[in-house]
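Trainee: From the sequence below, what's the structure:
(6 chains)
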Protein chains: 6
Amino acid sequence: MSKILVITGDGGESYEALYAVHRFQEEGWEPVIAAPSRRRLHLVMHDFEPGWDTYIEQPGYGLEADLAFDEVKVEDYAAVLILGGRAPEYLRNNARVLDIVRAFDQQQKWIFAICHGIQVLAAAGLAAGKRVTGYEHVRLEAEQAGGTFVSEQTVRDGRIVTAQTWQSHPSFYREIFAQLAGQAHAARS
Amino acid sequence: MSKILVITGDGGESYEALYAVHRFQEEGWEPVIAAPSRRRLHLVMHDFEPGWDTYIEQPGYGLEADLAFDEVKVEDYAAVLILGGRAPEYLRNNARVLDIVRAFDQQQKWIFAICHGIQVLAAAGLAAGKRVTGYEHVRLEAEQAGGTFVSEQTVRDGRIVTAQTWQSHPSFYREIFAQLAGQAHAARS
Amino acid sequence: MSKILVITGDGGESYEALYAVHRFQEEGWEPVIAAPSRRRLHLVMHDFEPGWDTYIEQPGYGLEADLAFDEVKVEDYAAVLILGGRAPEYLRNNARVLDIVRAFDQQQKWIFAICHGIQVLAAAGLAAGKRVTGYEHVRLEAEQAGGTFVSEQTVRDGRIVTAQTWQSHPSFYREIFAQLAGQAHAARS
Amino acid sequence: MSKILVITGDGGESYEALYAVHRFQEEGWEPVIAAPSRRRLHLVMHDFEPGWDTYIEQPGYGLEADLAFDEVKVEDYAAVLILGGRAPEYLRNNARVLDIVRAFDQQQKWIFAICHGIQVLAAAGLAAGKRVTGYEHVRLEAEQAGGTFVSEQTVRDGRIVTAQTWQSHPSFYREIFAQLAGQAHAARS
Amino acid sequence: MSKILVITGDGGESYEALYAVHRFQEEGWEPVIAAPSRRRLHLVMHDFEPGWDTYIEQPGYGLEADLAFDEVKVEDYAAVLILGGRAPEYLRNNARVLDIVRAFDQQQKWIFAICHGIQVLAAAGLAAGKRVTGYEHVRLEAEQAGGTFVSEQTVRDGRIVTAQTWQSHPSFYREIFAQLAGQAHAARS
Amino acid sequence: MSKILVITGDGGESYEALYAVHRFQEEGWEPVIAAPSRRRLHLVMHDFEPGWDTYIEQPGYGLEADLAFDEVKVEDYAAVLILGGRAPEYLRNNARVLDIVRAFDQQQKWIFAICHGIQVLAAAGLAAGKRVTGYEHVRLEAEQAGGTFVSEQTVRDGRIVTAQTWQSHPSFYREIFAQLAGQAHAARS
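Mentor: Residues are numbered from 1 along each chain as shown, chains lettered A, B, ... in the order given. As a prediction, this is how the structure comes out:
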């Protein structure tokens, strides 16, 4: 039970992906990257540059997917993390992804989402009646799905922890590990 | 009344933007590009490449905005077109944009939206109770906003015409001009 | 006879290519892309940016060639369109391309060329004695080939219609469809 | 004494930079980015791609420098971290940088270096007689400077902690915080 | 009389430009870069990649123009070199450039051109009646201007030396220096 | 004995590579490119741009390696040239490369190195006791290896000729050919 499932795909945000991998490893957890298929993913860099009214998207760091969604067994994981970037836009229409995320909820496991990751929670029906946050411009998806959007870097409501952007990493992972700490897991190696 | 308002901004889809400008001009209409501010916009290219599970985003053709949203007078235009790309994600949270689009509706003018442009209609409350289409992966926004998402290249419901992607240009503009033809406008020069 | 042959290849201008495909389709014509071989073409974006004394070239939208030049049967088409960008520079030295274009002329079919496309007409000997236009800096090729270069957006001389750049799309396609309209073709679907 | 000085500049590795900022913040430390001058830095992405015998360098995430090296007061910081990427190549020839790093050593403060960061330690004379690590291909600089290069992800010798690449983040930061924990610092906010 | 005028501009080929500067300097000549205006030029890289039917164009090395064309005094130079790349396409329509090149001819000075540089000679009327070469796909311009196109790496006809591409550098510069050697010039420093 | 061995690999500086190939060919020498394996190399462009405190790295011109290092027979060559760019960083840790370079020294053949190429000489122990130069920011490697770093464009000490950057091409190749001229070699073809 020392594994964390990380959901992303082509278009996923590369810094959020690498940060998750290394941060969970530092704490002794084993992150497992799941995507539509097992292969090197085309992650992207979402960043802000002077002179733009929105973020820019450029090629990001590369990452291998460890598992295809079809291979995921929810019982192997203590929690799921849904990364941001542009991947959630299409992952939320992947029935298998929604099933996986709902299974985490039904089994009362932790669910984490950062930035555009909230779009998947909204599509899975898990934002309904919850206080959540995410990238400011996808607030609408959260609200239309019945969630209450809170303008804070990191928000926890029960077993769901959401964060606005990768600028929220400090408070997001502080909260994540505070929650996971209440649970038995493999000691740090 | 021979003007068409075209709404976009940084991150707008460059082919959709240029196509709109030239296509309306060919028919004798004057397209006017409105954006958050008057300056050269950073449009993007959304295209599909082998080996990706979603579209890729790269720098696109450039375009100057003719007007800032604050300068728009709805009474000057016969119709509004909301372009796609990544711009609608943040434009739908711009109150001025929503006011403009709603004013077109209230004044019983034509409203056109392509690709991600449906996100703005949804946010403005104009998809509710309507048959609409758009980029397949933003279907959810249309449905959560009360719209009925139809998987056809181009869909018209009353004065609202929506299209899936720039692959829908042929049927989209055929429909647009069929509708506009029923209306007095400046003769072709 | 409802088909239009579109000639391009690697280095062809991507906006001109996509515009042609969608615009002809809108009017009920079937555009067929011919290139040196059947495969995804490397089209380019030719655009102007502040601070440059000439246009810049960057990667453009992708497009599949439907046919290799060797597979083209001129009798299947009502007209040929030669796209611009950098492709005409080498296509004009492809004997098969010149044969195809001359066959359109001999069979008294329409010949359209935009931007650098005039280079192919010049090389095929079809600009001689004609009023033509094209990208301003390839004027010399047209004149050396015996053509009269006219500084107008779109110029027609008999069955040859030429245009300066993709900024000429409005008048170019207005002229193209005015000419084609005088001819029997498949009704709009 | 809750501040950590982070040394980088144009060409610095962007993931290492962002990771440092957010990871120190998560633990309640305040990272301060120092560079040759105060401005937005041109950080780079160092990553591996199939088909290359070495890493590739591409534009990375942006970051603002908080301080110019001339403004640094060593007494304000508990530790210094020297980031990798291509910046250490020239920073090691910046006398002010070497003075700063040596001052941390003289004041018996912690010194951390990752990847190419070891080049600065070597130039400052701080690798001499120490067990250190770094990017495998700058091993020579460490050895010529009198250090013993150890092929482990993270190596600590006294108050100097070094790591091989950003793949070493888990063990590197585990070691960093283990060391810092023995020291009074501002409580987590 | 130890100076060589080098003509290029935005879109000029960067390797040809740098090679000219350094090669002339090695032999003790002073190359002077002239362009439409004095500023850092946007040179490009023209190269061949697998899978393309023509060369690709990408950003190249940078270079400062030493002089604007208006500042050029032909009597200061022993020879002129016209570089290739995409710049000759528009430079040949610059009357001042043509005047300069013709003045070199009238003053019986050496005229060198590589790759697309032949386009300028053709436009200036200097290819007429001469054996010349250049990039294979601009052969037509040379022939239409009355030149005889020779498929050799480097061709000399009187005081005009032309070369096909930057692959012709070895024979091109061998010929250039063989000709210049018959002339008094500043000794190598 | 009319061959020159040129050592580089992925990350090698593209202008230095092409210049070497063409410059040696001009003088009648046959350059042979050796790299870790025989294939098209990923060379890079190292250049300076306004606003950066160090050079920038971008994709450069392509080049095929003629030989893998394992296929090199030192007796076939009159001299070796070690190119700069980023390749020397890892090539200096390739035992076969060091053996090759040392064999040139033992057989009293010429050894040339430009820019970062000095890193390979330093690693091979050939800078010890010699006056050398190279890219200013790798001065340390030369000095730590026992060399005396001289701030001149080109420096010769016995049979070793070194140069600072590709800006040193004029004096570097002047010196190279002055030295080679004292030696019997194949006449220019």
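Trainee: Is there any residue in the helix or strand bottoming out on mean pLDDT in chain A that contacts chain B?
Mentor: Lowest on mean pLDDT, DSSP states H and E among the helices and strands of chain A sits helix A:139-144, with a mean of 94. Yes - against chain B, helix A:139-144 shows contacts by Cβ under 8 Å from any Cβ of the partner chain at A:Arg139, A:Leu140, A:Glu141, A:Gln144. Where C-beta positions appear, they are placed from N, C-alpha and C, glycine not excepted.
Trainee: what about chain A, any weak spots by pLDDT?
Mentor: Counting by pLDDT under 70, chain A shows low-confidence ranges at A:1, A:183-189.
Trainee: residue ranges for the helices of it, please.
Mentor: Listed in chain order, the helices of chain A (DSSP state H) span A:14-26, A:87-91, A:95-106, A:118-123, A:139-144, A:169-180.
Trainee: Now find how far off-centre the longest one is within its chain.
Mentor: What it means is helix A:14-26. 11 Å (Cα atoms, centre = their mean, to the nearest Å).
Trainee: Against which helices or strands is it packed?
Mentor: On a contact count with 3 or more Cβ pairs under 8 Å, 6 or more residues apart in numbering or on different chains; DSSP states H and E, helix A:14-26 meets strand A:3-7, strand A:30-35, strand A:44-47, strand A:63-64, helix A:169-180, helix D:14-26, helix D:169-180.
Trainee: do the fourth one as well
Mentor: In terms of contacts (3+ Cβ pairs under 8 Å, 6+ apart), helix A:118-123 is packed against helix A:87-91, helix A:95-106, strand A:110-114, helix A:139-144, strand A:160-163.
Trainee: Near chain D, which residues of chain A are found?
Mentor: A:15, A:18-19, A:22-23, A:25-26, A:40, A:45, A:47-50, A:58-62, A:166, A:169-171, A:173-174, A:188.
Trainee: repeat that with 7 Å
Mentor: Counting by Cβ under 7 Å from any Cβ of the partner chain, chain A comes close to chain D at A:15, A:18-19, A:22, A:25-26, A:45, A:47, A:49, A:58-59, A:61-62, A:169-170, A:173-174.
Trainee: got the helices and strands packed on helix A:14-26 as TSV, with distance to C:Asp76 and mean neighbour count columns?
Mentor: Shown next, in TSV, are the helices and strands packed on helix A:14-26 (distance: least, Cβ to Cβ, whole Å; neighbours: other Cβ atoms under 10 Å in any protein chain shown):
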stretch	distance to C:Asp76	mean neighbour count
strand A:3-7	50	24
strand A:30-35	44	21
strand A:44-47	43	24
strand A:63-64	48	16
helix A:169-180	60	21
helix D:14-26	54	24
helix D:169-180	61	21
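Trainee: now the ones you listed as JSON lines including distance to D:Trp110?
Mentor: Shown next, in JSON lines, are these (distance: least, Cβ to Cβ, whole Å):
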{"stretch": "strand A:3-7", "distance to D:Trp110": "30"}
{"stretch": "strand A:30-35", "distance to D:Trp110": "28"}
{"stretch": "strand A:44-47", "distance to D:Trp110": "30"}
{"stretch": "strand A:63-64", "distance to D:Trp110": "31"}
{"stretch": "helix A:169-180", "distance to D:Trp110": "20"}
{"stretch": "helix D:14-26", "distance to D:Trp110": "12"}
{"stretch": "helix D:169-180", "distance to D:Trp110": "6"}
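Trainee: just to revisit the earlier point, which of the residues of helix A:139-144 next to chain B has the most neighbours?
Mentor: A:Glu141 (29 neighbours; other Cβ atoms under 10 Å in any protein chain shown).
Trainee: List the contacts of that residue.
Mentor: By Cβ atoms under 7 Å, 6 or more residues apart in numbering or on different chains, the contact list for A:Glu141 reads A:Ile118, A:Gln119, A:Ala122, B:Glu141.
Trainee: Let me know the distance separating it from chain F.
Mentor: According to Cβ to the nearest Cβ, to the nearest Å, A:Glu141 and chain F sit 38 Å apart.
Trainee: Find the nearest non-adjacent residue to A:Ala128, please.
Mentor: A:Gly146 (3.4 Å; Cβ to Cβ, 6 or more residues apart in numbering or on different chains).
Trainee: ignore the last one, A:Asp47
Mentor: D:Tyr61 is the one closest to A:Asp47 (Cβ to Cβ, 6+ apart), at 5.1 Å.
Trainee: The one you found: neighbouring residues, count only.
Mentor: 23.
Trainee: Surely it is in contact with A:Glu13?
Mentor: No - applying Cβ atoms under 7 Å, one finds D:Tyr61 not in contact with A:Glu13, separated by 10.5 Å.
Trainee: Tell me which residue of chain A is furthest from the middle?
Mentor: Residue farthest from the centre of chain A, counting by Cα atoms, centre = their mean, is A:Gly51 at 29.0 Å.
Trainee: which one is that one nearest to, not counting chain neighbours?
Mentor: B:His42 (7.5 Å).
Trainee: wait, what's in contact with the one you found?
Mentor: B:His42 touches A:Trp52, B:Asp10, B:Gly11, counting by Cβ under 7 Å, 6+ apart.
Trainee: Using CSV, lay out these together with neighbour count.
Mentor: Below are these laid out as CSV (neighbours: other Cβ atoms under 10 Å in any protein chain shown):
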residue, neighbour count
A:Trp52, 14
B:Asp10, 25
B:Gly11, 26
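Trainee: Show me which of these is closest to F:Ala34.
Mentor: A:Trp52 (45.1 Å; Cβ to Cβ).
Trainee: so the closest one makes contact with B:Asp10?
Mentor: Yes - contact criterion Cβ under 7 Å: A:Trp52 and B:Asp10 qualify, at 5.0 Å.
Trainee: Quick one, which of the helices and strands packed on helix A:118-123 gets closest to E:Glu30.
Mentor: That would be helix A:87-91 among those, by Cβ to Cβ, at 56.4 Å.
Trainee: Can you pull up the most central residue in chain A?
Mentor: Centre-most residue of chain A, counting by Cα atoms, centre = their mean: A:Ile82, 1.9 Å.
Trainee: Verify the stated contact: it with A:Gln119.
Mentor: No - using Cβ under 7 Å, A:Ile82 is not in contact with A:Gln119; the gap is 8.6 Å.
Trainee: For chain A, which residue gets nearest to chain B?
Mentor: A:Gln144 (3.6 Å; Cβ to the nearest Cβ).
Trainee: What is the end-to-end distance of stretch A:75-88?
Mentor: 23 Å (Cα to Cα, to the nearest Å).
Trainee: Which residues in it does the neighbour count mark as buried?
Mentor: A:Tyr77, A:Ala78, A:Ala79, A:Val80, A:Leu81, A:Ile82, A:Leu83, A:Gly84, A:Gly85, A:Arg86, A:Ala87, A:Pro88 (16 or more other Cβ atoms under 10 Å in any protein chain shown).
Trainee: Ok, stretch A:143-162 next?
Mentor: A:144-145, A:147, A:149-150, A:153-157, A:159-162.
Trainee: Please render those residues as a markdown table that adds distance to F:Leu67 to the earlier fields.
Mentor: Shown next, in a markdown table, are the buried residues of stretch A:143-162 (distance: Cβ to Cβ, whole Å):
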| residue | distance to F:Leu67 |
| --- | --- |
| A:Gln144 | 63 |
| A:Ala145 | 62 |
| A:Gly147 | 63 |
| A:Phe149 | 62 |
| A:Val150 | 63 |
| A:Gln153 | 56 |
| A:Thr154 | 57 |
| A:Val155 | 61 |
| A:Arg156 | 61 |
| A:Asp157 | 64 |
| A:Arg159 | 61 |
| A:Ile160 | 60 |
| A:Val161 | 57 |
| A:Thr162 | 57 |
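Trainee: Looking at the residues you listed, spot the one nearest E:Lys109.
Mentor: Among the buried residues of stretch A:143-162, and counting by Cβ to Cβ, the member closest to E:Lys109 is A:Gln153, at 69.9 Å.
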